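A.B. asks: what shape does this take:
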Amino acid sequence: MSGSGEFELIASLAGRLDPADGLGIGDDAAAWMVGAGTLLVATTDMLVERVHFRLDWTSPRDLGWKALAVNLSDLAAMGAMPGRALVSVALLPGQTAIVEEMYDGLSELGRLTGTRVVGGDTVRTSGPLVVNVALLGEAEPGRLLRRDGAVPGDLLAVTGAVGASAAGLALLLEADPERLARPEAAQLLAAHHRPNPRLAAGRTLASMGLRCAIDISDGVASEAWHVARSSGVEIALDADRLPLNAGAVELFGREKACQFAVAGGEDYELLFAVPEARLAEVTAALGEQGGATVVGRVIGQRAGGRVDLLHAGRVVEPGRPGYVAF
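C.D. replies: Model prediction:
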(Lines give C-alpha, C1' and ligand atoms only; values in the text may rest on other atoms or scores of the structure.)
Protein backbone atom coordinates (compact mmCIF):
# COMPACT_ATOMS: atom_id res chain seq x y z
CA MET A 1 0.00 0.00 0.00
CA SER A 2 3.04 2.31 -0.17
CA GLY A 3 2.07 5.62 -1.77
CA SER A 4 -1.65 4.91 -1.57
CA GLY A 5 -4.10 7.53 -0.43
CA GLU A 6 -6.54 7.54 2.46
CA PHE A 7 -9.43 5.91 0.63
CA GLU A 8 -7.29 3.23 -0.98
CA LEU A 9 -6.02 2.38 2.50
CA ILE A 10 -9.56 2.23 3.88
CA ALA A 11 -10.61 -0.07 1.05
CA SER A 12 -7.61 -2.32 1.71
CA LEU A 13 -8.37 -2.52 5.42
CA ALA A 14 -12.05 -3.20 4.78
CA GLY A 15 -11.08 -6.10 2.53
CA ARG A 16 -9.35 -7.75 5.48
CA LEU A 17 -12.53 -7.78 7.57
CA ASP A 18 -15.63 -9.93 7.52
CA PRO A 19 -18.59 -8.30 5.72
CA ALA A 20 -20.60 -6.00 7.95
CA ASP A 21 -24.04 -7.07 9.13
CA GLY A 22 -25.68 -3.85 7.96
CA LEU A 23 -24.09 -0.66 6.62
CA GLY A 24 -20.36 -0.84 7.28
CA ILE A 25 -17.19 0.91 6.12
CA GLY A 26 -17.62 3.50 3.39
CA ASP A 27 -20.25 5.94 4.64
CA ASP A 28 -20.35 8.72 7.23
CA ALA A 29 -21.26 6.15 9.89
CA ALA A 30 -21.95 2.44 10.27
CA ALA A 31 -25.49 1.21 10.96
CA TRP A 32 -27.10 -2.06 11.94
CA MET A 33 -30.34 -3.36 13.40
CA VAL A 34 -30.22 -4.16 17.11
CA GLY A 35 -33.89 -5.04 17.57
CA ALA A 36 -37.29 -4.61 16.01
CA GLY A 37 -37.60 -1.03 14.87
CA THR A 38 -34.18 0.06 16.19
CA LEU A 39 -31.35 1.02 13.85
CA LEU A 40 -28.10 1.79 15.69
CA VAL A 41 -25.74 4.26 14.02
CA ALA A 42 -22.09 4.51 15.08
CA THR A 43 -19.17 6.73 14.15
CA THR A 44 -15.75 7.72 15.47
CA ASP A 45 -13.27 10.51 14.78
CA MET A 46 -9.80 11.28 16.07
CA LEU A 47 -8.18 14.70 16.49
CA VAL A 48 -4.38 14.84 16.69
CA GLU A 49 -2.46 17.86 17.93
CA ARG A 50 -0.52 19.69 15.20
CA VAL A 51 -2.50 17.80 12.56
CA HIS A 52 -6.11 18.76 13.36
CA PHE A 53 -5.59 21.48 15.97
CA ARG A 54 -2.98 23.61 17.71
CA LEU A 55 -3.25 24.51 21.36
CA ASP A 56 -1.63 27.91 20.77
CA TRP A 57 -4.73 29.04 18.85
CA THR A 58 -7.43 26.60 20.01
CA SER A 59 -8.73 26.78 23.56
CA PRO A 60 -9.21 23.42 25.32
CA ARG A 61 -12.91 24.20 25.69
CA ASP A 62 -13.25 24.77 21.94
CA LEU A 63 -11.28 21.58 21.30
CA GLY A 64 -13.76 19.59 23.36
CA TRP A 65 -16.70 21.13 21.51
CA LYS A 66 -15.16 20.35 18.11
CA ALA A 67 -14.17 16.79 19.05
CA LEU A 68 -17.83 15.99 19.66
CA ALA A 69 -19.17 18.19 16.84
CA VAL A 70 -17.31 16.37 14.07
CA ASN A 71 -18.87 13.09 15.20
CA LEU A 72 -22.32 14.61 15.54
CA SER A 73 -21.99 15.85 11.97
CA ASP A 74 -21.49 12.26 10.79
CA LEU A 75 -24.78 11.30 12.45
CA ALA A 76 -26.46 14.35 10.92
CA ALA A 77 -25.34 13.17 7.48
CA MET A 78 -27.08 9.85 8.13
CA GLY A 79 -30.30 11.44 9.41
CA ALA A 80 -29.65 10.00 12.88
CA MET A 81 -30.08 11.38 16.38
CA PRO A 82 -27.21 11.13 18.90
CA GLY A 83 -27.31 9.18 22.12
CA ARG A 84 -24.14 8.05 23.94
CA ALA A 85 -20.45 8.81 23.47
CA LEU A 86 -17.15 7.29 24.58
CA VAL A 87 -14.17 9.63 24.81
CA SER A 88 -10.53 8.53 24.84
CA VAL A 89 -7.58 10.85 25.40
CA ALA A 90 -3.83 10.33 25.09
CA LEU A 91 -2.25 13.13 27.14
CA LEU A 92 1.18 14.26 28.20
CA PRO A 93 2.15 14.64 31.86
CA GLY A 94 0.94 18.03 33.08
CA GLN A 95 -2.01 18.24 30.68
CA THR A 96 -4.69 17.27 33.21
CA ALA A 97 -6.08 20.81 33.45
CA ILE A 98 -6.24 21.06 29.65
CA VAL A 99 -8.22 17.84 29.40
CA GLU A 100 -10.58 18.89 32.18
CA GLU A 101 -11.34 22.14 30.36
CA MET A 102 -11.74 20.19 27.12
CA TYR A 103 -14.42 18.10 28.80
CA ASP A 104 -16.24 21.32 29.76
CA GLY A 105 -16.57 22.21 26.08
CA LEU A 106 -17.51 18.69 25.14
CA SER A 107 -20.20 18.60 27.83
CA GLU A 108 -21.53 21.98 26.71
CA LEU A 109 -22.30 20.71 23.22
CA GLY A 110 -23.50 17.40 24.65
CA ARG A 111 -26.17 19.17 26.70
CA LEU A 112 -27.29 21.18 23.67
CA THR A 113 -27.67 18.06 21.50
CA GLY A 114 -28.85 15.46 24.00
CA THR A 115 -25.57 13.55 23.88
CA ARG A 116 -24.21 11.88 27.02
CA VAL A 117 -20.62 10.78 27.60
CA VAL A 118 -20.78 7.39 29.31
CA GLY A 119 -17.14 6.33 29.39
CA GLY A 120 -13.86 6.14 27.54
CA ASP A 121 -10.16 5.82 28.30
CA THR A 122 -7.18 7.96 29.29
CA VAL A 123 -3.59 7.00 28.56
CA ARG A 124 -0.21 8.68 28.94
CA THR A 125 1.81 9.63 25.87
CA SER A 126 5.05 11.41 25.07
CA GLY A 127 3.08 13.47 22.56
CA PRO A 128 1.16 14.72 20.80
CA LEU A 129 -2.21 15.14 22.53
CA VAL A 130 -4.84 12.91 20.89
CA VAL A 131 -8.60 13.00 21.39
CA ASN A 132 -10.93 10.30 20.06
CA VAL A 133 -14.72 10.25 20.31
CA ALA A 134 -16.89 7.23 19.47
CA LEU A 135 -20.55 8.16 19.14
CA LEU A 136 -23.69 6.04 19.04
CA GLY A 137 -27.08 7.20 17.84
CA GLU A 138 -30.29 5.89 16.36
CA ALA A 139 -32.17 6.28 13.10
CA GLU A 140 -35.57 5.16 11.91
CA PRO A 141 -35.32 1.96 9.84
CA GLY A 142 -35.93 2.74 6.20
CA ARG A 143 -35.13 6.43 6.78
CA LEU A 144 -31.35 6.39 6.62
CA LEU A 145 -29.37 8.89 4.53
CA ARG A 146 -26.48 7.30 2.64
CA ARG A 147 -23.83 8.25 0.11
CA ASP A 148 -25.01 5.73 -2.46
CA GLY A 149 -28.53 7.06 -3.00
CA ALA A 150 -27.99 9.63 -5.78
CA VAL A 151 -29.59 8.85 -9.14
CA PRO A 152 -29.48 10.56 -12.55
CA GLY A 153 -31.72 13.62 -12.63
CA ASP A 154 -31.23 14.46 -8.95
CA LEU A 155 -30.12 17.92 -8.00
CA LEU A 156 -27.25 18.37 -5.57
CA ALA A 157 -27.86 20.96 -2.84
CA VAL A 158 -26.06 22.24 0.23
CA THR A 159 -27.38 23.63 3.51
CA GLY A 160 -26.21 26.98 4.87
CA ALA A 161 -23.08 28.70 3.56
CA VAL A 162 -19.65 27.23 2.91
CA GLY A 163 -16.05 28.38 3.18
CA ALA A 164 -16.17 29.94 6.66
CA SER A 165 -14.09 27.38 8.53
CA ALA A 166 -11.30 27.29 5.94
CA ALA A 167 -11.26 31.09 5.96
CA GLY A 168 -10.95 31.00 9.75
CA LEU A 169 -8.01 28.61 9.46
CA ALA A 170 -6.40 30.92 6.90
CA LEU A 171 -6.69 33.79 9.37
CA LEU A 172 -4.91 31.73 12.01
CA LEU A 173 -2.16 30.64 9.64
CA GLU A 174 -1.37 34.07 8.24
CA ALA A 175 -1.80 35.89 11.60
CA ASP A 176 -2.43 39.20 9.82
CA PRO A 177 -3.34 41.66 12.61
CA GLU A 178 -5.34 43.87 10.24
CA ARG A 179 -7.54 41.03 9.04
CA LEU A 180 -7.88 39.60 12.54
CA ALA A 181 -9.13 42.98 13.77
CA ARG A 182 -11.92 43.10 11.19
CA PRO A 183 -15.43 42.35 12.56
CA GLU A 184 -15.88 39.44 10.12
CA ALA A 185 -12.88 37.61 11.61
CA ALA A 186 -14.62 36.60 14.84
CA GLN A 187 -17.40 34.78 12.97
CA LEU A 188 -14.91 32.94 10.75
CA LEU A 189 -12.80 31.87 13.71
CA ALA A 190 -15.93 30.67 15.53
CA ALA A 191 -16.91 28.61 12.48
CA HIS A 192 -13.51 26.92 12.58
CA HIS A 193 -13.35 26.32 16.34
CA ARG A 194 -17.02 25.61 17.10
CA PRO A 195 -18.85 24.07 14.13
CA ASN A 196 -22.56 23.42 14.53
CA PRO A 197 -23.57 20.03 13.12
CA ARG A 198 -26.80 20.04 11.11
CA LEU A 199 -28.64 17.42 13.16
CA ALA A 200 -32.09 18.94 12.64
CA ALA A 201 -31.55 19.30 8.90
CA GLY A 202 -30.40 15.69 8.62
CA ARG A 203 -33.47 14.48 10.47
CA THR A 204 -35.71 16.60 8.24
CA LEU A 205 -34.20 15.18 5.06
CA ALA A 206 -34.52 11.62 6.35
CA SER A 207 -38.10 12.12 7.53
CA MET A 208 -39.04 13.42 4.07
CA GLY A 209 -37.82 10.22 2.48
CA LEU A 210 -34.62 11.51 0.88
CA ARG A 211 -31.91 8.91 0.61
CA CYS A 212 -28.57 10.59 -0.06
CA ALA A 213 -26.45 13.00 2.01
CA ILE A 214 -22.92 13.57 3.25
CA ASP A 215 -21.39 16.15 5.57
CA ILE A 216 -18.87 18.66 4.26
CA SER A 217 -15.71 17.88 6.17
CA ASP A 218 -13.22 17.93 3.27
CA GLY A 219 -14.67 20.55 0.92
CA VAL A 220 -17.70 20.46 -1.36
CA ALA A 221 -15.84 19.00 -4.35
CA SER A 222 -14.37 16.11 -2.39
CA GLU A 223 -17.74 15.28 -0.80
CA ALA A 224 -19.46 15.38 -4.19
CA TRP A 225 -16.88 12.88 -5.41
CA HIS A 226 -17.67 10.53 -2.50
CA VAL A 227 -21.35 10.66 -3.47
CA ALA A 228 -20.48 10.07 -7.13
CA ARG A 229 -18.22 7.13 -6.34
CA SER A 230 -20.63 5.47 -3.92
CA SER A 231 -23.67 6.01 -6.15
CA GLY A 232 -21.90 5.16 -9.40
CA VAL A 233 -22.89 8.44 -11.05
CA GLU A 234 -21.43 11.48 -12.79
CA ILE A 235 -22.00 14.86 -11.17
CA ALA A 236 -21.68 18.36 -12.60
CA LEU A 237 -20.75 20.68 -9.71
CA ASP A 238 -21.03 24.42 -10.38
CA ALA A 239 -18.57 26.46 -8.31
CA ASP A 240 -20.38 29.66 -9.26
CA ARG A 241 -23.52 28.52 -7.45
CA LEU A 242 -21.87 27.77 -4.11
CA PRO A 243 -23.42 29.77 -1.23
CA LEU A 244 -20.20 31.40 -0.06
CA ASN A 245 -19.86 32.70 3.47
CA ALA A 246 -20.22 36.50 3.34
CA GLY A 247 -17.42 37.11 5.84
CA ALA A 248 -14.99 34.98 3.82
CA VAL A 249 -15.87 36.94 0.68
CA GLU A 250 -15.45 40.26 2.49
CA LEU A 251 -12.02 39.43 3.92
CA PHE A 252 -10.48 37.35 1.13
CA GLY A 253 -12.43 38.16 -2.02
CA ARG A 254 -14.85 35.96 -3.94
CA GLU A 255 -12.26 33.86 -5.80
CA LYS A 256 -10.38 32.87 -2.63
CA ALA A 257 -13.63 32.30 -0.72
CA CYS A 258 -14.72 29.96 -3.50
CA GLN A 259 -11.46 28.03 -3.16
CA PHE A 260 -12.10 27.71 0.58
CA ALA A 261 -15.56 26.28 -0.12
CA VAL A 262 -14.52 23.91 -2.89
CA ALA A 263 -11.51 22.34 -1.18
CA GLY A 264 -11.11 23.83 2.32
CA GLY A 265 -13.45 21.68 4.34
CA GLU A 266 -14.65 21.60 7.95
CA ASP A 267 -17.86 23.47 7.17
CA TYR A 268 -19.96 20.51 8.42
CA GLU A 269 -22.92 21.59 6.33
CA LEU A 270 -24.84 18.84 4.50
CA LEU A 271 -24.54 18.10 0.80
CA PHE A 272 -27.55 16.11 -0.38
CA ALA A 273 -29.31 14.80 -3.48
CA VAL A 274 -32.93 15.74 -4.09
CA PRO A 275 -35.30 14.99 -6.98
CA GLU A 276 -35.93 18.21 -8.90
CA ALA A 277 -39.71 17.84 -8.44
CA ARG A 278 -39.26 17.97 -4.66
CA LEU A 279 -36.80 20.85 -4.46
CA ALA A 280 -39.29 23.53 -3.41
CA GLU A 281 -40.82 21.27 -0.76
CA VAL A 282 -37.45 20.33 0.72
CA THR A 283 -36.11 23.89 0.60
CA ALA A 284 -39.15 25.15 2.49
CA ALA A 285 -38.78 22.43 5.12
CA LEU A 286 -35.14 23.41 5.67
CA GLY A 287 -35.96 27.11 5.96
CA GLU A 288 -35.00 27.38 9.63
CA GLN A 289 -32.23 24.79 9.41
CA GLY A 290 -29.82 26.46 7.01
CA GLY A 291 -31.99 26.50 3.90
CA ALA A 292 -30.74 24.84 0.72
CA THR A 293 -28.88 26.00 -2.39
CA VAL A 294 -28.62 23.92 -5.56
CA VAL A 295 -24.96 23.56 -6.55
CA GLY A 296 -25.03 20.73 -9.06
CA ARG A 297 -26.81 17.92 -10.84
CA VAL A 298 -26.44 14.16 -11.26
CA ILE A 299 -26.14 13.87 -15.02
CA GLY A 300 -25.83 10.12 -15.55
CA GLN A 301 -24.54 6.73 -14.44
CA ARG A 302 -20.77 6.37 -14.25
CA ALA A 303 -18.94 3.34 -12.90
CA GLY A 304 -16.45 4.48 -10.28
CA GLY A 305 -17.99 7.95 -10.15
CA ARG A 306 -16.95 11.26 -11.67
CA VAL A 307 -17.29 14.92 -10.73
CA ASP A 308 -16.82 17.74 -13.21
CA LEU A 309 -16.18 21.03 -11.43
CA LEU A 310 -17.52 23.92 -13.50
CA HIS A 311 -16.65 27.61 -13.42
CA ALA A 312 -18.14 30.17 -15.81
CA GLY A 313 -19.87 27.31 -17.62
CA ARG A 314 -16.63 25.42 -18.36
CA VAL A 315 -15.15 22.30 -16.78
CA VAL A 316 -12.09 23.44 -14.82
CA GLU A 317 -11.36 20.23 -12.92
CA PRO A 318 -12.61 16.83 -14.10
CA GLY A 319 -12.73 13.46 -12.44
CA ARG A 320 -11.92 13.63 -8.73
CA PRO A 321 -11.50 17.19 -7.43
CA GLY A 322 -11.02 18.31 -3.84
CA TYR A 323 -9.07 17.62 -0.69
CA VAL A 324 -7.67 14.26 0.41
CA ALA A 325 -6.10 13.59 3.80
CA PHE A 326 -2.84 12.03 2.55
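A.B. asks: low-scoring stretches of the stretch 1-150 of the chain, by residue?
C.D. replies: 1-7, 9-10, 13-14, 17-26 (pLDDT under 70).
A.B. asks: ok, now with 50
C.D. replies: Residues of the stretch 1-150 of the chain that meet the criterion pLDDT under 50 lie in 1-4.
A.B. asks: now the helices for it?
C.D. replies: Using DSSP state H, counting those that start in this stretch, the helices of the stretch 1-150 of the chain run over residues 6-14, 60-78, 96-113.
A.B. asks: output the ones you listed as a markdown table; include the columns distance to Leu199 and mean neighbour count.
C.D. replies: Just so you know, the C-beta spots here come from the backbone N, C-alpha and C atoms, and that holds for glycine as well. Shown next, in a markdown table, are the helices of the stretch 1-150 of the chain (distance: least, C-beta to C-beta, whole Å; neighbours: other C-beta atoms under 10 Å):
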| stretch | distance to Leu199 | mean neighbour count |
| --- | --- | --- |
| helix 6-14 | 25 | 13 |
| helix 60-78 | 5 | 26 |
| helix 96-113 | 6 | 17 |
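A.B. asks: in a markdown table: those helices, plus distance to Arg198.
C.D. replies: Converted to a markdown table, the helices of the stretch 1-150 of the chain look like this (distance: least, C-beta to C-beta, whole Å):
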| stretch | distance to Arg198 |
| --- | --- |
| helix 6-14 | 24 |
| helix 60-78 | 5 |
| helix 96-113 | 11 |
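A.B. asks: the ones you listed: which one's closest to Ala239?
C.D. replies: helix 60-78 (21.8 Å; C-beta to C-beta).
A.B. asks: I'd like to know which elements that closest one is packed against.
C.D. replies: Helix 60-78 is packed against strand 38-48, strand 81-91, helix 96-113, strand 130-139, helix 183-193, helix 199-207, strand 213-215, with contacts defined by 3 or more C-beta pairs under 8 Å, 6 or more residues apart in numbering; DSSP states H and E.
A.B. asks: in its sheet, what does the second one sit against?
C.D. replies: In the sheet containing strand 81-91, its partner strands are strand 116-124 (parallel), strand 130-139 (antiparallel), by DSSP bridges.
A.B. asks: what does the first one rub up against?
C.D. replies: Read it as strand 116-124. Contact with strand 116-124 is made by 83-93, 99, 103, 106-107, 110, as judged by C-beta atoms under 8 Å, 6 or more residues apart in numbering.
A.B. asks: which of these lies closest to Thr125?
C.D. replies: Ala90 (4.1 Å).
A.B. asks: could you verify my assumption that the closest one touches Val99?
C.D. replies: No. With contact defined as C-beta atoms under 8 Å, Ala90 does not reach Val99; the gap is 10.1 Å.
A.B. asks: give me the buried positions along the one helix or strand Ala280 maps to.
C.D. replies: Element membership for Ala280 (DSSP states H and E) is helix 279-285. Residues of helix 279-285 classed as buried by neighbour count (16 or more other C-beta atoms under 10 Å): 282, 285.
A.B. asks: for that helix, packing partners?
C.D. replies: strand 154-158.
A.B. asks: how many residues are close by the closest residue to Leu180 other than its chain neighbours?
C.D. replies: Spatial nearest neighbour of Leu180, chain neighbours left out: Leu171 (6.0 Å); criterion: C-beta to C-beta, 6 or more residues apart in numbering. By other C-beta atoms under 10 Å, 23 other residues sit near Leu171.
A.B. asks: part of a helix, is Leu171?
C.D. replies: Yes. When classified by DSSP: H, G, I helix; E, B strand; the rest coil, Leu171 is found to be part of a helix.
A.B. asks: distance of it relative to Ala191?
C.D. replies: 11 Å (C-beta to C-beta, to the nearest Å).
A.B. asks: now do the shared contacts for these two.
C.D. replies: Between them, Leu171 and Ala191 share no contacting residue, judged by C-beta under 8 Å, 6+ apart.
A.B. asks: show me what the closest residue to Val282 other than its chain neighbours is bridged to.
C.D. replies: On the basis of C-beta to C-beta, 6+ apart, the spatially nearest residue to Val282 that is not a chain neighbour turns out to be Val274, at 5.2 Å. For Val274, the beta-bridge assignment (DSSP bridges) gives partners Leu155.
A.B. asks: what separates Val274 from Asp308, distance-wise?
C.D. replies: Per C-beta to C-beta, Val274 is found 19 Å from Asp308.
A.B. asks: between these two, which one's more packed in?
C.D. replies: Just comparing Val274 and Asp308: by other C-beta under 10 Å the higher neighbour count belongs to Val274, 23 against 20.
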